[in-house]
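Student: build me a model:
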Amino acid sequence: MAAPLLSLENIGLNQGTKWLFRGLGLFVGERDRLALVGRNGAGKTTLLRLLAGTLEPDEGRRVQRPGAKIVLLEQDPSVAGFATLRDFAMAEPDAPEFYEVDAIADQLGLDLDRDAATASGGERRRAAICRALAQAPDLLLLDEPTNHLDITAIEWLETHLQRFKGAFIAISHDRMFLSRLTKACAWLDRGTMRRAEIGFGGFEAWTDAVTAEEERNAEKLDTKLKQELHWLARGVTARRKRNMGRLGKLDELRATRKAMTGPQGVAKLQVTAEETKTKIVIDAEHVNKSFGDRAVIKDLTLRVQRGDRIGVIGPNGAGKTTLLKLLTGELAPDSGRIRRAKTLQGVLIDQQRALLSPGKTVRDVLADGGDWVEVGGERKHVVGYLKDFLFTADVLDAKVETFSGGERSRLLLAREFARPSNLLILDEPTNDLDLETLDLLQEVIDDYAGTVLLVSHDRDFLDRTVTMVVGLDGSGTADVVVGGYADWQAKRKADAAPPPPRAAAAPVAVKRTVKLTYIEQRELDGAPAKIEALGKAIKAAELAMADPALYARDPKKFDALNAEAEAKRREVAVVEERWLILSEKAEGLAA
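Tutor: As a prediction, the model looks like this:
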């Protein structure tokens, strides 16, 4: 067995009065695709810095294979001191070749000659990706790589990493990104590290099993420990299960909304005048908006009903924020009409987190220095309200400046959801949030009595929360689809498909048929059942591997299950490809 690219052995890191972690170990092999998962504040970013060698531990040692190149893609790359994004991308001591950086920038749609000082967060992020990938590292450390990227760039990055020959470790709140790419999970939890050789798709089942076993083992321990584990298991795991149950309710809402909608792509309800007064909160008709010669919104008709959850998606610069400002009245259209309910009262949560003053305490932010906060007409003690947002009582008098980016985002959510409103505007709310906070945000949106306008590039989150999608393509066209991201993507693919060939005139028509052999027809007919059976076998293997004690008890069995699951995943890919080929042949599309 080859020596690992990198390992941490009995690592300890002290932060003032306490150890962030101690006795921590982690190894990284040549082809590892590892998801690093943990709550905000658990130390994930700090651990990446230890792995990169930019931070020294207080205990233990870091061992790197001689000659191995390790590159860290930071969560918030600084371009200070660089004139252009090209200067930043080429600034490494072992700088990549000019053409390599240019090739990646071209695929990401990035102008490397852009002034670094005025570049947007998305442009800085893409420049950092160019800088990291062009170095062709043996190990790539990715800290929230999808932050500030649009869906097109995220999909490009996924494809690149699928072909990447080295190893990578990724911290990400993007469930779809992790599920598509990773083959193992490292869970940083309360100062300890657990690793499972399962992709992120099996992470929740594995952690639920670990938590349940801890709860059983804690039965004879002191009350405080039992309470802590109870909160962890019931406050997090139960929330996740509630949210999964709520997906069924969301499907029902989408079906109801689709039944109310006219022709596909036009979300305009046919309602009475009385219903308009009570149900329609925003009514936009034939709206146009341009900046100079550039059309941002062209002929948009959209009717937003009370209780709708509208997701706005599209490339960076396509006009998503402009659309929000038009709908809420912050911008006026050049032509067309937008009517809003007179009682509309909005709350905006933007991606800049500008409402939090670093010098204020949590008590100041939530309760103006007091002990009580009013939420939805109900008076709550600030400590109890904090627990709803995954905070403990001991942070009440902590200053905002001591919080991580994710903790600040969670605090901002707590503050804004306490304000009275019937319209919630969320502009990239998922940046810097951990997976548990995303579950919490999903629950809060589901329980919100008003209407939600949501801009997000998080595909999984959109699928879990919205009832309708407005997709912008950058040309001014707005594509309105009932459902979530998956529904919008399906329509986009259908629209992009070439039209069927026109039939020739009857006198010269030549009918071409392609007949499958008996064996090919049997293979085609049996493909769906075979894929389903393989899927069940993969799921059974993943559930068996989710047993937290299995690896220690029987490592050979664990390895065998892992190998079996991987082999069946490869077999699924082969069967799916063969199914497609035979289907095309049967339809006369293949030679």
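Student: burial count for Pro145?
Tutor: Residues within reach of Pro145, counting by other CB atoms under 10 Å, total 26. Glycine gets a C-beta too; all of them are placed from N, C-alpha and C.
Student: list phi and psi for it.
Tutor: Main-chain torsions, Pro145, degrees, to the nearest 10: phi -70, psi -20.
Student: so what's it up against?
Tutor: Pro145 makes contact with 73, 125, 129, 157, 170, 172, 177, according to CB atoms under 8 Å, 6 or more residues apart in numbering.
Student: narrow the residues you listed to just the buried residues.
Tutor: Buried residues within those, defined by neighbour count using 16 or more other CB atoms under 10 Å: 73, 125, 129, 157, 170, 172, 177.
Student: list phi and psi for the last one.
Tutor: So that's Phe177. Per degrees, to the nearest 10, the backbone of Phe177 is at phi -60, psi -50.
Student: could you find the closest non-adjacent residue to it?
Tutor: Of all residues not flanking Phe177 in the chain, Thr146 sits nearest, at 5.6 Å (CB to CB, 6 or more residues apart in numbering).
Student: redo the contacts of Pro145 as TSV? Include distance to Asp251, pLDDT and secondary structure.
Tutor: Shown next, in TSV, are the contacts of Pro145 (distance: CB to CB, whole Å; pLDDT from 0 to 100; DSSP: H, G, I helix; E, B strand; the rest coil):
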residue	distance to Asp251	pLDDT	secondary structure
Leu73	36	95	strand
Arg125	33	91	helix
Ile129	35	95	helix
Leu157	30	95	helix
Ala170	30	97	strand
Ser172	26	94	coil
Phe177	23	95	helix
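Student: any chance of those residues in JSON lines with distance to Glu378 as columns?
Tutor: Below are the contacts of Pro145 laid out as JSON lines (distance: CB to CB, whole Å):
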{"residue": "Leu73", "distance to Glu378": "44"}
{"residue": "Arg125", "distance to Glu378": "40"}
{"residue": "Ile129", "distance to Glu378": "46"}
{"residue": "Leu157", "distance to Glu378": "44"}
{"residue": "Ala170", "distance to Glu378": "40"}
{"residue": "Ser172", "distance to Glu378": "36"}
{"residue": "Phe177", "distance to Glu378": "38"}
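Student: pick the one among the residues you listed closest to Ala318.
Tutor: Sorting the contacts of Pro145 by how near they are to Ala318, with CB to CB, puts Arg125 at the top with 16.7 Å.
Student: what's near enough to touch that closest one?
Tutor: Contacts of Arg125 (CB under 8 Å, 6+ apart): 77, 145, 147-149.
Student: rerun that using 6 Å as the cut-off
Tutor: His148 (CB atoms under 6 Å, 6 or more residues apart in numbering).
Student: test my guess that Arg86 contacts Arg114.
Tutor: No: contact criterion CB atoms under 6 Å: Arg86 and Arg114 do not qualify, at 8.4 Å.
Student: where do the strands of the stretch 1-150 of the chain begin and end?
Tutor: Under the criterion DSSP state E, counting those that start in this stretch, strands of the stretch 1-150 of the chain are mapped to 6-15, 18-28, 33-37, 59-64, 70-73, 139-143.
Student: ok, the shortest one: who's next to it in the sheet?
Tutor: Looking at strand 70-73 with DSSP bridges, its partner strands are strand 139-143 (parallel).
Student: how about the strand it pairs with: buried residues?
Tutor: 139-143.
Student: and that strand, how far out from the chain middle?
Tutor: Mean C-alpha position of strand 139-143 versus that of the full chain (CA atoms, centre = their mean, to the nearest Å) differs by 17 Å.
Student: any residues touching that strand, and which ones?
Tutor: Contacts of strand 139-143 (CB under 6 Å, 6+ apart): 5, 45, 48, 51-52, 70-75, 167-171.
Student: center of this protein, which residue is that?
Tutor: The centroid of the chain falls nearest to Asp174 when counting by CA atoms, centre = their mean (2.3 Å).
Student: skip the chain neighbours and tell me the closest residue to that residue.
Tutor: Thr146 (4.7 Å).
Student: Lys18 pairs with what?
Tutor: Beta-bridge partners recorded for Lys18 (DSSP bridges): Gln15.
Student: what's the burial count for it?
Tutor: 8.
Student: quickly note the distance from it to Lys387.
Tutor: According to CB to CB, to the nearest Å, Lys18 and Lys387 sit 21 Å apart.
Student: follow-up on the earlier one: the residue nearest to Asp174: what's it in contact with?
Tutor: Going by CB under 6 Å, 6+ apart, Thr146 touches 154, 172, 174, 177.
Student: next, the contact list for the second one, please.
Tutor: Ser172 makes contact with 144, 146, 178, according to CB under 6 Å, 6+ apart.
Student: how about a cut-off of 7 Å?
Tutor: Taking CB atoms under 7 Å, 6 or more residues apart in numbering, we find Ser172 in contact with 144-146, 178.
Student: could you dump those residues to a markdown table with pLDDT and distance to Leu462?
Tutor: Rendered in a markdown table, the data for these read as follows (pLDDT from 0 to 100; distance: CB to CB, whole Å):
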| residue | pLDDT | distance to Leu462 |
| --- | --- | --- |
| Glu144 | 92 | 18 |
| Pro145 | 94 | 19 |
| Thr146 | 92 | 13 |
| Leu178 | 94 | 16 |
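Student: which of these sits closest to Ala284?
Tutor: Distance to Ala284, by CB to CB, is smallest for Thr146 among the contacts of Ser172, at 30.1 Å.
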